[in-house]
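> Have a look at this prediction, sequence included:
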Amino acid sequence: MSVDTTPPSGTDDRARPVPPEAAETSRAFSRRTMAIWLITTGLVGAAASFLLLHERILLWQDPEHSTACDINPWVSCGEVMDSWQAATFGFPNIFLGVVGFPVVIAVGITLLAGLRPPRWYWLGLQAGVLFAFGFCVWLWSQAVYTIGALCPYCMVVWAAVIPMTVSVTARNILTGTIPASGAVRRVTADWWWVVLVLIYLLVAASIAIELPQALGI
């Protein structure tokens, strides 16, 4: 898999000098590869978000409704939806996913179609995925340590946002969109997948440790 690293003219991010290390390592995050990352994670996140929206509408219609993922006190979408954290900004968090993930999918489709986005485009996407990641980290901490209940659909959203954020950040570092030293680019090229795995392991470990305590085991 390869990426075109020929410096173009104009205003896009590739107009900036791309260091030799970036030109070599960015092959792992070509436009096609990034399109696949974004479309795949966007579809997964969107599916979970729309399922959550469906359950939220049913709860609005019937407060006694038992959601499809109300398995026990520890695994319960309804328990999480009833918390104030589920509407952090004054409206259901679900709407962020319902709007945001289709945008990510659209970005992926435009990349597949051959779009060569300008640098500000990638920086905007970077800001968006970092916000999503930070918000998911906060929601994870609230669900595990404050609410004491997990929403499976929310966990699917977390699982989608993690690789989305790691891949976009790695791509932007390797291509020079985010200025970084040669050492940082080399570490990113060699270890980005380790960061992805470690984040998943940390989330799984926190749940595995907290679950027995929550259940009194």
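Nice, I can see it. Residues are numbered from 1 along each chain as shown.

> Would you mind confirming that residue 46 is in contact with residue 97?
Yes - counting by C-beta atoms under 8 Å, residue 46 does reach residue 97; the two are 7.1 Å apart. To be clear about C-beta, it is placed using only N, CA and C from the backbone, and glycine gets the same treatment.

> In the chain, which residue is most central in space?
residue 161 (1.5 Å; C-alpha atoms, centre = their mean).

> now for the helix or strand hosting it, which elements pack on it?
Assessed by DSSP states H and E, residue 161 sits inside helix 152-174. Contact partners of helix 152-174 among helices and strands, from 3 or more C-beta pairs under 8 Å, 6 or more residues apart in numbering; DSSP states H and E: helix 31-61, helix 77-81, helix 94-112, helix 119-142, helix 182-214.

> Ignoring the adjacent residues along the chain, who's closest to residue 35?
residue 111 (3.8 Å; C-beta to C-beta, 6 or more residues apart in numbering).

> Could you list the low-pLDDT ranges of the chain?
1-27, 212-217 (pLDDT under 70).

> doesn't residue 175 make contact with residue 185?
No - using C-beta under 8 Å, residue 185 is not in contact with residue 175; the gap is 9.3 Å.

> more crowded one of the two?
residue 175 (25 against 22; other C-beta atoms under 10 Å).

> dump the residue contacts of residue 170.
28, 29, 188, 189, 192 (C-beta atoms under 8 Å, 6 or more residues apart in numbering).

> Can you lay out these as a markdown table showing neighbour count?
What follows is the contacts of residue 170, written out as a markdown table (neighbours: other C-beta atoms under 10 Å):
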| residue | neighbour count |
| --- | --- |
| 28 | 18 |
| 29 | 23 |
| 188 | 24 |
| 189 | 19 |
| 192 | 19 |
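
> Out of those, the closest to residue 200 would be?
residue 192 (13.4 Å; C-beta to C-beta).

> Once you drop chain neighbours, what's closest to the closest one?
Using C-beta to C-beta, 6+ apart, the closest residue to residue 192 is residue 170 (4.1 Å).

> And for residue 112?
residue 35 (4.3 Å).

> Also residue 107?
The nearest residue in space to residue 107 (C-beta to C-beta, 6+ apart) is residue 38, at 5.5 Å.

> show me what contacts the one you found?
With C-beta under 8 Å, 6+ apart, residue 38 has these contacts: 104, 105, 107, 108, 111, 164, 167, 168.

> repeat that with 6 Å
Residue 38 makes contact with 104, 107, 108, according to C-beta atoms under 6 Å, 6 or more residues apart in numbering.

> ok, how many other residues are close to the last one?
For residue 108, the tally of surrounding residues (other C-beta under 10 Å) stands at 22.
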